[in-house]
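# when you get a sec, could you give me coordinates for this:
(2 chains)
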Amino acid sequence: GAVVSQHPSRVICKSGTSVKIECRSLDFQATTMFWYRQFPKQSLMLMATSNEGSKATYEQGVEKDKFLINHASLTLSTLTVTSAHPEDSSFYICSATERLSYNEQFFGPGTRLTVL
Amino acid sequence: GQQLNQSPQSMFIQEGEDVSMNCTSSSIFNTWLWYKQDPGEGPVLLIALYKAGELTSNGRLTAQFGITRKDSFLNISASIPSDVGIYFCAGRVNNNDMRFGAGTRLTVKP
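Got it, this is the predicted structure:
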């Protein structure tokens, strides 16, 4: 199946710093990439949807200036958490869709962000 | 937005037992999907359902797309310890709009 990677898998940062998370589709070109956030023992909440070369579409309640998404190519999307605060600590998961697989979403392994 | 009600929240079963979980919604979906998530990992797609009434199997897993398009169930037969994890249903209206249920946490006792 289609493989999606994320980097880093785990990051700890100080409050006020910015953190960049990369999401790559390794063996396919992703028509669309999605960013989710998951708090402990909770479900995945969609944050934003991005298509290559265009601005991301953010879900209601997600601050676009705080969670910057760049989708520079068909295989790479980045999420930057700017001026991170402890309440931003969460598990961030990206997914990518492949046109040839009925646009099913294939998920990355996630990035655990801890803001001190 | 569309709300998915997934039940049960958690299950504790003995190895070898069958498992059943379901998702319901007040909204209609065009696709139903079932994912499994292991701790610290991203979800992995188990079964995708595209047509109302569709019944699909993947090994010991069987899932059905409800005829009303508002529900789906997942059955696991003859559970084994590696079935432990969190199972999520997801309903999709279009390519860019997929919503997840709250998850069913499965524990299998050897």
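# contacts, neighbours, all on C-alpha from now
Will do.
# can you name the element that comes right after the lowest-mean-pLDDT helix or strand in chain B?
Within chain B, no helix or strand scores below strand B:97-100, which has a mean of 87 by mean pLDDT, DSSP states H and E. As assigned by DSSP states H and E, the chain's next helix or strand after strand B:97-100 is strand B:104-109.
# tally of neighbours for residue 37?
All of this is about chain A. Using other C-alpha atoms under 10 Å in any protein chain shown, residue A:37 has 21 neighbouring residues.
# I was thinking of chain B, sorry if that wasn't clear
Neighbours of residue B:37 (other C-alpha under 10 Å): 18.
# beta partners of it?
residue B:86 (DSSP bridges).
# picking up where we left off before, sheet-wise, list the partners of the least confident helix or strand of chain B with their directions.
Take DSSP bridges as the rule and strand B:97-100 pairs in its sheet with strand B:85-94 (antiparallel).
# what about the strands in the chain?
Since you didn't name a chain, this refers to chain A. Secondary structure of chain A (DSSP state E): strands at A:4-7, A:10-13, A:19-25, A:32-38, A:45-51, A:57-58, A:67-73, A:76-81, A:90-97, A:105-107, A:111-115.
# try chain B instead
B:4-7, B:10-14, B:19-25, B:31-37, B:44-49, B:55-58, B:61-65, B:71-76, B:85-94, B:97-100, B:104-109.
# worst average pLDDT in those?
Ranked by mean pLDDT, these end with strand B:97-100 at the bottom, a mean of 87.
# ok, the closest residue to chain B within chain A - contacts?
Using C-alpha to the nearest C-alpha, the closest approach of chain A to chain B is made by residue A:109 at 4.2 Å. Contacts for residue A:109 were tallied using C-alpha atoms under 8 Å, 6 or more residues apart in numbering or on different chains; they are A:4-6, A:9, A:93, B:40-43.
# out of the strands of chain B, nearest to residue A:87?
strand B:97-100 (22.1 Å; C-alpha to C-alpha).
# need the residues of chain A near chain B, please.
A:42-46, A:49, A:93, A:103, A:106-110, A:112 (C-alpha under 8 Å from any C-alpha of the partner chain).
# so how many other residues sit close to the closest residue to chain A within chain B?
Closest approach between chain B and chain A, counting by C-alpha to the nearest C-alpha: residue B:42, at 4.2 Å. Neighbour count for residue B:42, taken as other C-alpha under 10 Å: 24.
# how close does it sit to residue B:35?
9 Å (C-alpha to C-alpha, to the nearest Å).
# what of residue A:35?
17 Å.
# which of these two has more neighbours?
Neighbours per residue (other C-alpha under 10 Å) separate residue A:35 from residue B:35, with residue A:35 holding more: 25 against 18.
# in stretch A:23-39, which residues are buried?
A:23-25, A:28-38 (16 or more other C-alpha atoms under 10 Å in any protein chain shown).
# go on, stretch B:22-29?
Residues of stretch B:22-29 classed as buried by neighbour count (16+ other C-alpha under 10 Å): B:22-25, B:29.
# in CSV: the residues you listed, plus distance to chain A.
Below are these laid out as CSV (distance: C-alpha to the nearest C-alpha, whole Å):
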residue, distance to chain A
B:22, 15
B:23, 14
B:24, 16
B:25, 16
B:29, 15
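# ok, the residues you listed vs residue B:71, which is closest?
residue B:24 (4.3 Å).
# enumerate the beta-bridge partners assigned to that closest one.
residue B:5, residue B:71.
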